[in-house]
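J.: this is a predicted model, with the sequence first.
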Amino acid sequence: MSDLPSARRPAGELEAEVLAALWSARQPMTPQDVQTALGGDLARTTIATILARLHDKGTVERTRAGRAYAYTPTVQDPAGLAARRMHTELGREADRSTVLARFVSDLSAEDEQLLRELLGDGAAPQPDAVRHTSVQPDDAWRDTARDAS
């Protein structure tokens, strides 16, 4: 075995870099546009493959731009990407109630409070607005979630 460090990047790193380029552009980008935005170190075919994978995952949408495709992210930021992943995982399970109950039962007290505030009025307030609202703790909610798991 060699002691040389691997030239491979960690899983998802290239996808994250490509998404970051798309987010910063705020307009559809072709693989060549992305390659230029990333500094040209990656082959255009590598970027095209990453974009195709992101399209297959539903993370970007594409439209024809001449002979190529132009890509636009379907999520607005890393938080939106994390939320999409959570939805995907939830969708893989038939017993959604148990999955959600177990997820909630493992939340920190701070995250539980934040979730309560987000669910309180049925609307998703802006993160800064959430921190300024006040909701009384309800231990029965957490106990119910734990009982379901």
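T.: Cool, the structure landed.
J.: tell me how many other residues crowd residue 19.
T.: For residue 19, the neighbour count with other Cβ atoms under 10 Å is 23. All C-beta atoms are positioned from the backbone trio N, CA, C, and that covers glycine.
J.: and the strand or helix carrying it, how far from the chain's centre?
T.: Assessed by DSSP states H and E, residue 19 sits inside helix 13-25. With Cα atoms, centre = their mean, to the nearest Å as the basis, helix 13-25 stands 12 Å off its chain's centre.
J.: try stretch 62-69
T.: With Cα atoms, centre = their mean, you get 25 Å for stretch 62-69.
J.: so who does the closest residue to residue 71 other than its chain neighbours touch?
T.: The shortest distance from residue 71 to any non-neighbouring residue, by Cβ to Cβ, 6 or more residues apart in numbering, is to residue 60 (4.6 Å). Contacts of residue 60 were listed using Cβ atoms under 8 Å, 6 or more residues apart in numbering, and they are 19, 22, 51, 54, 71, 72, 73, 74.
J.: tell me which two in those residues are the farthest apart.
T.: 51 and 74 (12.5 Å; Cβ to Cβ).
J.: of the two, who's got more company?
T.: Per other Cβ under 10 Å, whichever of residue 51 and residue 74 has more neighbours is residue 51, with 25 against 15.
J.: the more buried one: what's it in contact with?
T.: Contacts of residue 51 by Cβ under 8 Å, 6+ apart are 18, 31, 34, 60, 62, 69, 71.
J.: can you get me a residue count around the second one?
T.: Going back to what we said before, that points to residue 31. 23.
J.: for it, what are its contacts?
T.: 44, 45, 47, 48, 51, 68, 69, 71.
J.: residue 63 belongs to a strand, doesn't it?
T.: Yes. Checked against DSSP: H, G, I helix; E, B strand; the rest coil, residue 63 lies within a strand.
J.: hang on, isn't it packed against residue 29?
T.: No. Residue 63 lies out of contact with residue 29 (Cβ atoms under 8 Å); the separation is 11.2 Å.
J.: thinking again about what came up before, which residues pair with the residue nearest to residue 71 across the strands?
T.: Beta-bridge pairing of residue 60, defined through DSSP bridges, involves residue 73.
J.: could you number the chain from 15 rather than 1 from now on?
T.: Happy to do that; since the first residue is 15 now, the last one works out to residue 74.
J.: just to revisit the earlier point, can you redo the contacts of residue 45 as TSV with pLDDT and secondary structure?
T.: Below are these laid out as TSV (pLDDT from 0 to 100; DSSP: H, G, I helix; E, B strand; the rest coil):
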residue	pLDDT	secondary structure
58	92	helix
59	93	helix
61	95	helix
62	95	helix
65	96	helix
82	90	strand
83	95	strand
85	97	strand
